[in-house]
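In: I would like to see how this sequence folds:
(2 chains)
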Amino acid sequence: MLQYILKRFLISMVTLWIIVTITFILMVSIPGSPFNDERASNETVQANLEAHYNLDDPYHVQYLLYLKSVATLDFGPSIKQPNQTVNDLLGRGFPISFELGIVTIIVAVISGIVLGIISALRHNGIVDYLAMGLAVLGISIPNFILATLLIQELAVNAKIFPVATWSSPMHMVLPVLALATGPMAIIARLTRSTMIEVLTQDYIKMARAKGLSPWKITIKHALRNALMPIVTIMGTLLAGILTGTFVIEQIFAIPGMGKYFVESINQRDYPVIMGTTVFYSAFLIFMLFLVDIVYGILDPRIKLHKKGGE
Amino acid sequence: MRTLGERYESHSTSNVPEEWFSLKEKDKEAAEVVLRPSLSYWQDAWRRLRKNKMAMLGLVFLILLSFMAIFGPMMTPYEVNVQDRPNQYQPPSSEHWFGTDSAGRDVFTRTWYGARISLFVGLVAALIDVFIGIIWGGISGYKGGRTDTIMMRIIEILYGIPSLLVTILLLVVLGPSLFTIILALTITGWVGMARIVRGQVLQIKNYEFVLASQSFGGKASRIIRKHLLPNTMGPIIVQMTLSVPSAIFAEAFLSFIGLGIQAPYASWGVMANDSLGAILSGNWWTLFFPAFFISFTMFAFNVLGDGLQDALDPKLRK
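Out: Prediction:
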């Protein structure tokens, strides 16, 4: 077990290092300096500014300084927002984005699995066709379009939910709905196909022959085995939800990390872009690492307890 | 107590004289006659795909869309980017079939230009993914051993990179253009394809016909090209069909956050982004048409991919 975790951890660290390096190379290769706007056109001022942000050092010194700042989780000040450090922005935005993300995942996983099970139990029935038709639609409609549709119909026309911002549970409904539909549809389709496969296995027939209740067979015997593929795609889904928060926060004016990120892109605020990218990546890589560990624990075929075994 | 077999034997021998039976000669000629036309793998797949109504719906939609992407803009007297302020927000009419947007541009014309961009980005990105993925996965799966381990480690490392974030960074640095978007999408996009090809190759390379080719002195490149790849074509095509919509989505997404195709081009994502404010004022058509075509194109590729998955898998043959 320890060896498996160590191996996954090393791979995660290399991935993170590559991202940090790519980010650095990309940011250094941008022509001109971030202070090339009208206000700081004075050359002395510009030189001083560059010295202040260590932009006049040779690249390898800058790179080491940058690695150090990443390691100590200090991403420095924002260039465009006065008296704000990147950490300030992250500290304010992350809890909100995290809340949005967690609620979305819970909603997507639970409703996706339930929908998938129902479809599998009613295989080739009307319910199955309806649910899977909805699922294909859910995968096909981009979240930002769904979000605008929801605002238009449920907030502007029907006035059931507030149009934007993030202050009460009612405010959460539309953003979560817009963000969760895609992952829910993917989970539902996956659950359905693996459930259908599992339900034809001999041990299910055996359980039926023994007279176990359908409920117990579905939950205890079929679902447990059908859950494995869902764990494997969790990483990809998390990445999708994470990037989805960029637009959803923008559309619903939610003051989360994604909003700062998109703003920093539009303002070319490089420290914020770099800081948020590295933070997002580190978070995502950590989640992927966790998913791998959970998979290792759940899948009995990965022998973790054998000495020296992989 | 006699067994069932003994009882049956005694019964049949005692009551029925043996001369009643004669050996029926098998007509060897007739057995060899092929009654139905023989189908190649692709003919069989096509026959099964045709029976899948949803997949055919997707296919027909995509053919129509490609046709309109080529000829649609020629059907109207309007230019994509010529603004006509006095005529802004015209609802759909016989003059402007899909209405006009905030700058008085014809939405119908812009929609088909958007189709060109989306289909181009989606198809080119998918083709590049296939190209790199096949080479990487093919070598990794066929060589095995140390080479495979190293190549798979690299894939594992790349897999952890959040692709859309890198894409965004690249676009910020290189500036938004069609080329950058395709480059950014393919940098990490090929990883999934490589994994699928490798898995298939690992499975197929142990079959006898590969061994036969090896024993005749077939080179690795020949075996991969002639024996392994044709047999992995099914999953590759399916993966490709399903990766086109994700490229289309990524393009629309990037345009939507302001990093996509810039004027003079019009992409569906740009159109949707431009018209966000317009829906609140009731000019629904400016958002509806790009939104509908993004969604329906992705839908069409998804159902077609699902259909192909079933049709190209010989094991699912009834």
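In: going forward, measure contacts and count neighbours with C-alpha atoms only.
Out: Will do.
In: and stretch A:276-293, which residues are buried?
Out: A:276-282, A:284-293 (16 or more other CA atoms under 10 Å in any protein chain shown).
In: quick one: which of the residues you listed sit in strands?
Out: Using DSSP state E, no member of those sits in strands.
In: Keep only the residues you listed that also lie close to chain B.
Out: By CA under 8 Å from any CA of the partner chain, the members of the buried residues of stretch A:276-293 lying near chain B are A:277, A:281, A:284-285, A:288.
In: Among the residues you listed, list the two that are farthest apart in space.
Out: A:277 and A:288 (16.2 Å; CA to CA).
In: Can you pull the residues of the stretch 51-200 of chain B lying near chain A?
Out: Residues of the stretch 51-200 of chain B lying near chain A by CA under 8 Å from any CA: B:153, B:156-158, B:160-162, B:164-165, B:169-170, B:172-174.
In: Swap in 10 Å and give it another go.
Out: Contact residues (CA under 10 Å from any CA of the partner chain) of the stretch 51-200 of chain B with chain A: B:54, B:153-154, B:156-166, B:168-175.
In: Which secondary structure elements does the strand or helix carrying residue A:138 sit against?
Out: Using DSSP states H and E, the element containing residue A:138 is helix A:126-140. Applying 3 or more CA pairs under 10 Å, 6 or more residues apart in numbering or on different chains; DSSP states H and E, one finds that helix A:126-140 contacts helix A:86-121, helix A:169-199, helix B:229-256, helix B:285-311.
In: Format those helices as JSON lines; extra columns: mean pLDDT.
Out: Shown next, in JSON lines, are the helices and strands packed on helix A:126-140 (pLDDT from 0 to 100):
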{"stretch": "helix A:86-121", "mean pLDDT": "87"}
{"stretch": "helix A:169-199", "mean pLDDT": "85"}
{"stretch": "helix B:229-256", "mean pLDDT": "81"}
{"stretch": "helix B:285-311", "mean pLDDT": "82"}
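In: Could you show which parts of the stretch 151-300 of chain A are in contact with chain B?
Out: Going by CA under 10 Å from any CA, the residues of the stretch 151-300 of chain A near chain B are A:151-152, A:156-157, A:235-236, A:238-240, A:242-244, A:246-247, A:250-251, A:262-263, A:265-266, A:268, A:270, A:273-274, A:276-278, A:280-282, A:284-289.
In: what about 8 Å?
Out: Within the stretch 151-300 of chain A, the positions adjacent to chain B are A:152, A:156, A:239, A:243, A:247, A:262, A:265-266, A:268, A:273, A:277, A:281, A:284-285, A:288 by CA under 8 Å from any CA.
In: before we move on, what about the stretch 1-150 of chain A?
Out: Contact residues (CA under 8 Å from any CA) of the stretch 1-150 of chain A with chain B: A:11-12, A:14-16, A:19, A:23, A:26-27, A:29-30, A:136-137, A:139-142, A:144-145, A:148.
In: Using ChimeraX, define a selection of the buried residues within these.
Out: Buried residues among these (16+ other CA under 10 Å), as a ChimeraX selection:
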select /A:11,12,15,16,19,23,26,27,136,137,139,140,141,142,144,145,148
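In: among the residues of the stretch 51-200 of chain B next to chain A, which are in helices?
Out: Secondary structure defined by DSSP state H assigns B:54, B:153-154, B:156-159, B:163-166, B:168-174 of these to helices.
In: of these, buried ones?
Out: Among those, those buried by neighbour count (16+ other CA under 10 Å) are B:54, B:156-159, B:163-166, B:168-174.
In: These: which two are farthest apart?
Out: Of all the pairs that these form, the one spanning the most space (CA to CA) is B:54 and B:173, at 41.5 Å.
In: what secondary structure does residue A:149 sit in?
Out: Taken by DSSP: H, G, I helix; E, B strand; the rest coil, the conformation at residue A:149 corresponds to helix.
In: what do you get for residue A:159?
Out: Classification of residue A:159 by three-state DSSP places it in coil.
In: before we move on, the earlier item: closest one to residue A:187 out of the ones next to chain B among the buried residues of stretch A:276-293, please.
Out: Nearest to residue A:187 among these is residue A:288, at 17.1 Å by CA to CA.
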